[in-house]
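Asker: okay, sequence plus prediction incoming.
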Amino acid sequence: MYAVIETGGKQYRVEPGDVIDIELLPEAGKGGAKGGKIQFDKVLMVSSDKGVRVGSPTVSGAKVTGVKVDQVRGPKVVVFKMKRRKGYRRHNGHRQDLQRVRIDKIQG
């Protein structure tokens, strides 16, 4: 059984037991980083032994639940700007804050 969920403007294909890194959720600061339950309601597709259900845009009644495992930081993205022969160079970097989530159950 697997599902396709949307969170943080991205889509993820998840199965029970998967550990995924998603965009940091607004409620992550309030509920703590570890052990909190999280529920994804934007389920775009659910596949089970009964068949495949595709939503338009979401599958009604389908939910994916998970547990917050940790807060991590993504890989460093280097931003380098340069204009040749002008002496203009700008070097910058960015690391995105991510929430690591373990998927427990898929309903739907």
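Answerer: All right, it came through fine. Numbers count the residues shown, from 1 in each chain.

Asker: now do residue 30, the pLDDT please.
Answerer: With respect to pLDDT, residue 30 scores 53.

Asker: how close does residue 26 get to residue 70?
Answerer: Using CB to CB, to the nearest Å, one gets 17 Å for the distance from residue 26 to residue 70. C-beta here means a position set from N, CA and C on the backbone, and glycine is covered the same way.

Asker: residue 61 now?
Answerer: 30 Å.

Asker: what's the span of stretch 16-25, first residue to last?
Answerer: 20 Å (CA to CA, to the nearest Å).

Asker: ignore what I typed, I meant stretch 68-78.
Answerer: Start-to-end, stretch 68-78 (CA to CA) is 28 Å.

Asker: name the spans of the chain whose pLDDT lies under the cut-off.
Answerer: Filtered on pLDDT under 70, the chain yields the residue ranges 27-33.

Asker: between residue 26 and residue 70, which has more neighbouring residues?
Answerer: residue 70 (13 against 7; other CB atoms under 10 Å).
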